[in-house]
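Novice: The sequence isn't on hand, but the structure is:
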């Protein structure tokens, strides 16, 4: 089982959406992933994140905002992905076996639902590509890419 941790500052929006999208892509592709998200500080999952994810049939209503220390076995991940610059700077050091990636996304907080949908869709493209690479045994994307969505049907 491959363990993936997605980090953001508050674990309230981008990392929560990325967690759900990554888990969903893994299920579609039959990749055995254990996916968690956390923040450098905990707050709450934002209602707009829950709303735009529900549009895709993904339920965030049971998600809660957590810090790294609330995640099981927090120092033992195969991949640690930061989705905001602040989290990338504050991310702790991981052992040599951990592969770190930084995919910075705009914070949709305070924006319209269309802005939230745009960030959600960008997250989906990136994390579909991430999971597809794992499914193919390829190197996961090194940087954020806003290339067209990959086919993960």
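Specialist: Structure's in. What do you need? The model shown is predicted, which means the values in this text are computed figures rather than measured ones. Numbers count the residues shown, from 1 in each chain.
Novice: Tell me if I'm right that residue 79 and residue 22 touch.
Specialist: No. Here residue 79 lies out of contact with residue 22, judged by C-beta atoms under 8 Å, at a distance of 9.7 Å. Using the backbone N, CA and C atoms, a C-beta is placed for each residue, glycine as well.
Novice: Looking at these two, which is more packed in?
Specialist: Between residue 79 and residue 22, counting by other C-beta atoms under 10 Å, residue 22 is the more crowded of the two (27 against 20).
Novice: For the more buried one, give its distance to residue 33.
Specialist: Distance, residue 22 to residue 33, by C-beta to C-beta, to the nearest Å: 7 Å.
Novice: Which residues are in contact with each of those two?
Specialist: Both residue 22 and residue 33 are contacted by 4, 131, under the criterion C-beta atoms under 8 Å, 6 or more residues apart in numbering.
Novice: now the helices for this protein?
Specialist: 14-29, 47-54, 85-90, 113-136 (DSSP state H).
Novice: any idea which of these is most buried?
Specialist: Highest mean neighbour count among these (mean count of other C-beta atoms under 10 Å): helix 14-29, with a mean of 24.
Novice: and it, how far out from the chain's middle?
Specialist: Remark: helix 14-29 is offset 7 Å from the chain centroid, using C-alpha atoms, centre = their mean, to the nearest Å.
Novice: Number the chain from 12, please
Specialist: Yep, numbering from 12; the last one is helix 25-40 now.
Novice: for it, packing partners?
Specialist: For helix 25-40, the packing partners by 3 or more C-beta pairs under 8 Å, 6 or more residues apart in numbering; DSSP states H and E come out as strand 13-19, strand 44-50, helix 58-65, helix 124-147.
Novice: need these in JSON lines with mean pLDDT and distance to residue 71, can you?
Specialist: Formatted as JSON lines, those follow (pLDDT from 0 to 100; distance: least, C-beta to C-beta, whole Å):
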{"stretch": "strand 13-19", "mean pLDDT": "94", "distance to residue 71": "13"}
{"stretch": "strand 44-50", "mean pLDDT": "95", "distance to residue 71": "10"}
{"stretch": "helix 58-65", "mean pLDDT": "96", "distance to residue 71": "4"}
{"stretch": "helix 124-147", "mean pLDDT": "94", "distance to residue 71": "11"}
